[in-house]
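**Student:** Provided below for reference: sequence and predicted model.
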Protein chains: 2
Amino acid sequence: MKWLRYTVQGKTFTGYLNGEVLNAIEGVPWGEWYPLKVEHALDQVKIEVPVIPATFYAAGLNYVKHIMEVAQARGEKPVVPGAADIGYRAVNALIAHGEDVIIPADAGEKIHYEAEVVVVIGRKVKNISEKDALSCVFGYTIGNDISERDWQKEDRTFFRSKNSDTFKPMGPWIETDFKIQDAKTRVTVNGIQTIEFDTQAMLFDISTFISRTSRYATLYPGDVMWMGTDGTSPNIKHADLVEIEITGLGKLSNRFIKAK
Amino acid sequence: MKWLRYTVQGKTFTGYLNGEVLNAIEGVPWGEWYPLKVEHALDQVKIEVPVIPATFYAAGLNYVKHIMEVAQARGEKPVVPGAADIGYRAVNALIAHGEDVIIPADAGEKIHYEAEVVVVIGRKVKNISEKDALSCVFGYTIGNDISERDWQKEDRTFFRSKNSDTFKPMGPWIETDFKIQDAKTRVTVNGIQTIEFDTQAMLFDISTFISRTSRYATLYPGDVMWMGTDGTSPNIKHADLVEIEITGLGKLSNRFIKAK
């Protein structure tokens, strides 16, 4: 089942996709809801960010090739994390499928995508075991953890390297029936494929991150956990179109625009 | 004016304090609201976290004595930040004035308070100048940025050192008429004062943090910015009561309980 948030004539709805038709609901997909009996054609709506999380979790270094290539690019020794320590991103930076990424005027040239599978939590949990961890997952979507590498290296925090407005495209929808086992993550820039990797080839898998995080932090419905990326990115420039496709989750497309 | 969130018989209200009486409103303090014409006695309600931020900002090292003493405790050279780079904390960790801090069973002994003045944003702004920065502030409250120092040193992120459930007491209310110029921040543990410092003696002041952050990130009403702390803390133990008072902002009190 595919769940979207979308706007029609200034009003924002939550709904599920049936073929090419959106069925609007009242309520939340992971809780109580009832059908509004209002339908919209998917190609007639503006797609919004599928969920605004209360806490926006993100795994940092979670694919081996990414860790190696990032270290090489920085001239440093690769450090493989020893535990599934989750990080954070900021809600201000979220944008939807189809919206433009605005590269700040003072940003450097090393603007990189990071293609990530995103877990959407559906149930309040604390201290959940690895074995049971996936039972609190509502569904999955796609995230692009856009990064300005000079700021990431120089600044004390990720406040502008990763959390500048528009730096966190997420969507287009939440898929409840995702099978990660055979999924591939593919990125194209202006239609040319730049990378493909096994979505599940993580250093620490989703169950490990959920279980370890929940030992200390209660997870709430609507929280999201971005699972990290593999490989590296070319420098993305003004007018480039970056599209991330994950098998079964659709495609997240965003054009990059350099601010003047 | 003092604004609170509070619960009476299972229902949560927003209201302002008039003497010892709370006047409930419908709406948000920084936006449109109207009086509900419902009154409650302050001492008859359960005080809640005064605001749940969409983005939870926190300045890290922002008072010189804290920077020096932290470096000394770690056996490292002090590094004074060169710019006002804001960090983040997580909403799951927030608790209200009067609620218990639960120290996780596997935490070490170095459980420390950090007494902080908290800025509450009242207006959506982007790219605001330092000169105008305070015009987007709705009011101020108190935060305790509780930290487990072993985890802070060992882990890749602050996910459990600073963002374990209950590690972010905030309140008791939002004061709109705060004058930081003469304010002192005082902490007591079980009634004995452990530290006092000038609240405004920051490395980078509030205007600087707001202006620099807003160059990259839109600030939204209800976002909070915790401004950092001075000095260091003794190890807080099971059953200790930590109270933070800032002149004009009241007192934030929380007892610490060690989980079994």
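**Tutor:** Okay, I see it.

**Student:** which positions in the stretch 101-250 of chain A make contact with chain B?
**Tutor:** A:104, A:126, A:155-157, A:159-160, A:163-165, A:213, A:215-220 (C-beta under 8 Å from any C-beta of the partner chain). Placement of C-beta: from N, CA and C, glycine included.

**Student:** now with 7 Å, please.
**Tutor:** Counting by C-beta under 7 Å from any C-beta of the partner chain, the positions of the stretch 101-250 of chain A adjacent to chain B are A:104, A:155-157, A:159-160, A:163-165, A:213, A:216-218, A:220.

**Student:** can you redo these as CSV with secondary structure and pLDDT?
**Tutor:** CSV is the format used below for those (DSSP: H, G, I helix; E, B strand; the rest coil; pLDDT from 0 to 100):
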residue, secondary structure, pLDDT
A:104, coil, 98
A:155, coil, 96
A:156, coil, 94
A:157, coil, 96
A:159, coil, 97
A:160, coil, 98
A:163, coil, 98
A:164, coil, 98
A:165, coil, 98
A:213, helix, 98
A:216, helix, 98
A:217, coil, 98
A:218, coil, 98
A:220, coil, 98
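
**Student:** now the strands for the stretch 51-200 of chain A?
**Tutor:** A:56-59, A:86-88, A:94-95, A:101-103, A:111-112, A:115-121, A:137-144, A:147-148, A:168-175, A:184-189, A:192-198 (DSSP state E, counting those that start in this stretch).

**Student:** touching chain B at all, the second one?
**Tutor:** Yes. Figure legend: strand A:86-88 in contact with chain B (C-beta under 7 Å from any C-beta); contacting residues A:86-88.

**Student:** reformat those as CSV; add pLDDT and neighbour count.
**Tutor:** CSV is the format used below for the residues of strand A:86-88 next to chain B (pLDDT from 0 to 100; neighbours: other C-beta atoms under 10 Å in any protein chain shown):
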residue, pLDDT, neighbour count
A:86, 97, 27
A:87, 97, 19
A:88, 98, 22
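
**Student:** now, among these, which is nearest to residue B:116?
**Tutor:** Nearest to residue B:116, judged by C-beta to C-beta, of these is residue A:88 at 18.1 Å.

**Student:** so what's the residue lying closest to the closest one once chain neighbours are set aside up against?
**Tutor:** Using C-beta to C-beta, 6 or more residues apart in numbering or on different chains and skipping residues adjacent in sequence, the residue nearest residue A:88 is residue B:88, 4.9 Å away. Residues counted as contacts of residue B:88 (C-beta atoms under 7 Å, 6 or more residues apart in numbering or on different chains) are A:88, A:90, B:56-58.

**Student:** out of the residues you listed, which one sits closest to residue A:9?
**Tutor:** Nearest to residue A:9 among the contacts of residue B:88, with distances taken as C-beta to C-beta, is residue A:90, at 29.8 Å.

**Student:** on that earlier part again, show me what the residue nearest to residue A:88 is bridged to.
**Tutor:** Note on residue B:88: beta-bridge partners by DSSP bridges are residue B:57.

**Student:** for residue A:90, see how far away it is.
**Tutor:** For residue B:88, the distance to residue A:90 (C-beta to C-beta, to the nearest Å) stands at 6 Å.
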